[in-house]
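**Student:** could you look at this predicted model? Sequence included:
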Amino acid sequence: GQNIDQPTEMTATEGAIVQINCTYQTSGFNGLFWYQQHAGEAPTFLSYNVLDGLEEKGRFSSFLSRSKGYSYLLLKELQMKDSASYLCAVRRGYSTLTFGKGTMLLVSP
Amino acid sequence: GAGVSQSPSNKVTEKGKDVELRCDPISGHTALYWYRQSLGQGLEFLIYFQGNSAPDKSGLPSDRFSAERTGGSVSTLTIQRTQQEDSAVYLCASSLAETGAPFETQYFGPGTRLLVL
């Protein structure tokens, strides 16, 4: 089976930096995805890591360590619109994604 | 269309009734996925289609749940004899191909909010 853990909630201030961690246990690892989901909306793709290291995309970066079963999503220069749920998902094999329960991020002024 | 569409957007039904949920994937996407999201829970995988066949239906919670896909495009998820615990948001996603490529982003539809009274 698979086990994906991420914090339930986090709070941060506008303009700050926040790191959302995700740990996982799985066999046949074939990539880790981060999605953003605003309340009442569909998840939208943020980033993908399959090799160790940091992937940077604008204000968002994602890091992966396969040996540690660990990833984080780093959000810089936080904006109010970044308040959302952030979903960590692990791909096993060629198809299905297994999602964590998501981290609800609240950005305050 | 530009994205994945689902219908209806909301569905209220009585316990014991059957419901059908529809998903229109992005044109040209051969892979299609159904997920369920309950309050306070993560996205739960239900079934995956490659073309019209379903190589992985391991997430369907019971035999009351079934899904089909026709013409390699539209998919319907059917829940028979609905129960209150079936209340959730049912999300559909599609991706371009499933040929072993290491990176295939899944694009999600807006979901169908199902409430079973």
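**Tutor:** Received it, and whenever you're ready, just let me know what you need.
**Student:** how about the residues of chain A by chain B?
**Tutor:** Neighbours of chain B within chain A, by Cβ under 8 Å from any Cβ of the partner chain: A:4, A:30-31, A:33, A:35, A:41-45, A:48, A:50, A:87, A:89, A:94-102. Any C-beta I mention is one placed from the backbone N, CA and C, and that applies to glycine too.
**Student:** verify the stated contact: residue A:16 with residue A:78.
**Tutor:** Yes - contact criterion Cβ atoms under 8 Å: residue A:16 and residue A:78 qualify, at 5.2 Å.
**Student:** in its sheet, what does the lowest-mean-pLDDT helix or strand in chain B sit against?
**Tutor:** Each helix and strand of chain B was given a mean pLDDT (mean pLDDT, DSSP states H and E); the minimum falls on strand B:53-56 at a mean of 88. Under the criterion DSSP bridges, strand B:53-56 sits next to strand B:43-50 (antiparallel) in its sheet.
**Student:** can you tell me what sits against the helix or strand bottoming out on mean pLDDT in chain A?
**Tutor:** Scoring the helices and strands of chain A by mean pLDDT, DSSP H and E places strand A:97-99 at the bottom, with a mean of 88. If you take Cβ atoms under 8 Å, 6 or more residues apart in numbering or on different chains as the criterion, strand A:97-99 is touched by A:2, A:4, A:26, A:33, A:35, A:87-92, B:33, B:35, B:42-45, B:106.
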